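*Asks:* Here you go, sequence then predicted model.
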Amino acid sequence: MNLNNWFRQVHRWLSVAFTLVAIANIIAMVQEESAVWIGLLALLPPGLLPVAGLTLVRAAICRDTEASAVRRKSMTGRTSKGAEKVTKKTAKPAGAAPKLLSGGNPQIPKGYGDAPVQAYIAAMPDWKNEIGRRLDALITRTVPGVCKAVKWNSPFYGMEGQGWFLGVHCYASYVKVAFFKGASLHPLPPGESKQKEVRYLDIRKDDPFDEAQVASWVEQASRLPDERM
């Protein structure tokens, strides 16, 4: 039996003793007998009861404090493990290559300026990387001050305050160049679109790259009303 249980038993027996002494006093009063020792004995249990009661209260407080400490420790452990799991799940290795989507198109976060476009080009797989570099250099050279962005995992080129005139996208076997006002270009880019004004140029691995013609289309497109996206 531990100390707390012992004090609990003492407190219980003191309560019983007080009750018995009180009954004895009542019997003595009824019989009109003077019993001083019984009266003094009645003072003993009430004097000890507070001591036992305070001890039990103190033990209960200590027990609750220990239980709270254990709960806090347990919660801290679970929180730390949960945070570790989230970190492991969301953390990406430094310098990890961008994910390639369907058809080998790089997944690049939306962004404006040259940096996201260069990140897209760097992630273009195999021979498409060289096509992307040549297109970017040709457009930058043909349209000084051209604005760039990556939207919907595709590089866009446009004029400041006007909109976009050209976009690039990777597919499994070719690189698609979209002229958003292509129907107004001369000659027409060869690829048709479901959208009346859009025309496409699909560049495959072994296709000749006619820089002069592409530069002419880019220069014409940059002077047309641009597409707002």
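*Replies:* Everything's here; your move.

*Asks:* Report the contact partners of the nearest residue to Gly191 once chain neighbours are set aside.
*Replies:* Once flanking residues are discounted, Gly191 sits nearest to Tyr200: 2.9 Å by C-beta to C-beta, 6 or more residues apart in numbering. Every C-beta, even on glycine, is put in place using the N, C-alpha and C of the backbone. Going by C-beta atoms under 8 Å, 6 or more residues apart in numbering, Tyr200 touches Lys176, Val177, Ala178, Phe179, Gly182, Pro189, Pro190, Gly191, Glu192, Ser193.

*Asks:* Looking at these, which is nearest Gly132?
*Replies:* Closest approach to Gly132 among the contacts of Tyr200 (C-beta to C-beta): Val177, at 10.4 Å.

*Asks:* what about the closest one, distance to Leu20?
*Replies:* Using C-beta to C-beta, to the nearest Å, one gets 105 Å for the distance from Val177 to Leu20.

*Asks:* for this structure, where's the lowest mean pLDDT among helices and strands?
*Replies:* helix 36-90 (a mean of 53; mean pLDDT, DSSP states H and E).

*Asks:* neighbour count winner among Val177 and Leu20?
*Replies:* Higher neighbour count among Val177 and Leu20: Val177, with 24 against 13, using other C-beta atoms under 10 Å.

*Asks:* Would you mind pulling up the elements that the top strand by length along the chain packs against?
*Replies:* Ranked by residue count, the top strand of the chain under DSSP state E comes out as strand 163-170. Helices and strands touching strand 163-170, by 3 or more C-beta pairs under 8 Å, 6 or more residues apart in numbering; DSSP states H and E, are helix 128-142, strand 154-159, strand 174-179, helix 211-223.

*Asks:* Could you dump these into TSV and include distance to Ser15 and mean pLDDT?
*Replies:* Shown next, in TSV, are the helices and strands packed on strand 163-170 (distance: least, C-beta to C-beta, whole Å; pLDDT from 0 to 100):
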stretch	distance to Ser15	mean pLDDT
helix 128-142	90	97
strand 154-159	85	96
strand 174-179	92	98
helix 211-223	99	97
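
*Asks:* Compare the ones you listed and give me the one nearest Lys99.
*Replies:* With C-beta to C-beta as the measure, strand 154-159 is the member of those nearest Lys99 (14.8 Å).

*Asks:* List the contacts of the closest one.
*Replies:* Here strand 154-159 has contacts from 105, 116-117, 120-121, 132, 136, 139, 143, 146-150, 164-169, 218, 222, 226-227, 229, using C-beta under 8 Å, 6+ apart.

*Asks:* just the buried members of the residues you listed?
*Replies:* For the contacts of strand 154-159, a burial check counting by 16 or more other C-beta atoms under 10 Å picks out 105, 116-117, 120-121, 132, 136, 139, 143, 146-150, 164-169, 218, 222, 226-227.

*Asks:* Go ahead and confirm Lys181 touches Ser193.
*Replies:* No: applying C-beta atoms under 8 Å as the test, Lys181 and Ser193 come out as separate, 11.4 Å apart.

*Asks:* give me phi/psi at Phe180?
*Replies:* phi -70, psi -20 (degrees, to the nearest 10).

*Asks:* so what's it scoring on pLDDT?
*Replies:* On pLDDT, Phe180 comes in at 96.
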